[in-house]
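>>> sequence first, predicted model second:
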Amino acid sequence: MKVMIVGSGGREHTLAWKISQSPLVGDIVFVPGNGGMEQMGECVKAGVSDPAAVADIAAERGVDLTVVGPEAPLVSGIVDEFESRNLKVFGPSGSAARLEGSKGFAKTLFERYGIPTGRALQFDNYDEAKAHVLSIPAPLVVKADGLAAGKGVIIAPDTQAALDALKQCMVDEVFGDAGCRVLVEEFMEGPEVSILSLSDGKDVAHMVPSQDHKRAYDNDEGPNTGGMGAYSPVPLLDPGTEDHIHSIAMKATVDAMAAEGIPYRGVLYGGLMLTDSGPKVLEFNVRFGDPETQVVLPRLESDLVPGLLATIDGTVGSLEMEWTPDYCVCVVIASGGYPGSYTTGFPITGLKAASSDPKVEVFHAGTRLEDGKVVTAGGRVLNVVALGSDFAEARGLAYQAVEMISFEGMHYRTDIGHRAMA
Ligand code: GLY
């Protein structure tokens, strides 16, 4: 089977690594890929925002299965385009992808079907949003309705910060159309957990839980990022609570979408907060998490490809996935300055030595090949991933490998997995 992977980050490189181990798979083509994927197969340097152009690439190359990594093409309807041309594709339709593409759509669905989540009101009118913010106590959370490259959720510690966030979204339009509608949501506290589940629109197969580290610096300080590291399993999530989340959040959402006539097929990513009053959904994403994928897929002992196909064929109910009890830790190495501005094009050394231990993988995120050499090309540059029979081993191996890698200005957190170690 020829597989095409759409995307260019660490998540896609990890998917490629896992998919390439499948006896069902021959060649893999990437659109557009990165420096890691360039070493695995053809990378077609095209944009991913035009669904028809990506479908043309799949059709021209006789691709049997396309796996879409990032949310933007899913929300733009890439799956609908592929299906209209009888091209097999993994992921939700554009309508189903509104679960991530519109926070208002998701919140309305949660409220209608009793899926536990933070209380929120939605506003299209700036003056009404302002009046509401002035009438309730802070802290609170302001969310842009649409896709905002991970920057559309603003935690406002006081009323002025909330008013500033509203102005940014609705008046200054820093997120474009995505911020014309906002949600003003209650502030909740507690540890977060990410659950990835495969669904065919009816049945759901859950993957092992993980937790990422969103802040840039140690001790969860500094600005929010796409994720500076992750680990799995999550010791603070007891099996009873995990089962409860599967039922009241993951399966409940798939059932709710089916009841709305919008079957959800693909991978559903639930971001939940474990609050004093039980687990609550913070968000759903319609794709694999990044960097959660980097710690979940190394723990999957069975083949991923039958799971991807089962979401398309409607056979998730009989899907078996086997997991290693081993622990997995991922440390993200970022460019100096990330998530603010940063410079790219720096040569990276030590990659071979870092991945010489069979328990260590180095997945590429923001890299590219220049004259056959790997150079930096993005904010999050590399994901160093290690398995171990306990957390200490996985963490120790990951950091040992990180220290072998070098590029100008590189930055990483030194405390990934600290909550699990505690
Ligand atoms: N790790 C956060 C995300 O994938 O959205």
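Structure received. Residues are numbered from 1 along each chain as shown.

>>> the protein against the ligand: which residues are in contact?
Taking C-beta under 6 Å from any ligand atom, the part of the chain that reaches the ligand is made up of 212, 227, 285, 289-290, 292. For glycine as for every other residue, the C-beta is placed from the backbone atoms N, C-alpha and C.

>>> in helices, which of the residues you listed fall?
Judged by DSSP state H, helices contain the following of those: residue 292.

>>> name the nearest of the residues of the chain next to the ligand relative to residue 311.
Minimum distance to residue 311 across these is 15.4 Å, recorded for residue 285 (C-beta to C-beta).

>>> burial count for the nearest residue to the closest one once chain neighbours are set aside?
The shortest distance from residue 285 to any non-neighbouring residue, by C-beta to C-beta, 6 or more residues apart in numbering, is to residue 269 (3.9 Å). Residues contacting residue 269 under the criterion other C-beta atoms under 10 Å number 24.

>>> next one: residue 134
Neighbours of residue 134 using other C-beta under 10 Å come to 10.

>>> you'd agree it is in a helix?
Yes - according to DSSP: H, G, I helix; E, B strand; the rest coil, residue 134 belongs to a helix.

>>> touching, it and residue 159? I think so.
Yes - with contact defined as C-beta atoms under 8 Å, residue 134 reaches residue 159; the gap is 6.7 Å.

>>> hang on, the earlier thing: rebuild the residues of the chain next to the ligand as CSV, extending it with neighbour count.
Below are the residues of the chain next to the ligand laid out as CSV (neighbours: other C-beta atoms under 10 Å):
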residue, neighbour count
212, 25
227, 23
285, 21
289, 24
290, 27
292, 29
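
>>> could you export the residues of the chain next to the ligand as JSON lines, including pLDDT and distance to residue 1?
Converted to JSON lines, these look like this (pLDDT from 0 to 100; distance: C-beta to C-beta, whole Å):
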{"residue": "212", "pLDDT": "94", "distance to residue 1": "31"}
{"residue": "227", "pLDDT": "94", "distance to residue 1": "30"}
{"residue": "285", "pLDDT": "97", "distance to residue 1": "26"}
{"residue": "289", "pLDDT": "97", "distance to residue 1": "25"}
{"residue": "290", "pLDDT": "97", "distance to residue 1": "24"}
{"residue": "292", "pLDDT": "98", "distance to residue 1": "26"}
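
>>> which one of the residues of the chain next to the ligand sits closest to residue 51?
The nearest member of these to residue 51, counting by C-beta to C-beta, is residue 285 at 19.1 Å.

>>> in contact with the closest one, which residues?
71, 99-100, 268-269, 271 (C-beta atoms under 8 Å, 6 or more residues apart in numbering).

>>> and if you look at residue 181?
By C-beta under 8 Å, 6+ apart, the contact set of residue 181 is 104, 122-124, 144-146.

>>> same question for residue 271.
192, 194, 281-285.

>>> surely the residue nearest to residue 285 is in contact with residue 288?
Yes - if you go by C-beta under 8 Å, residue 269 and residue 288 touch, sitting 6.8 Å apart.
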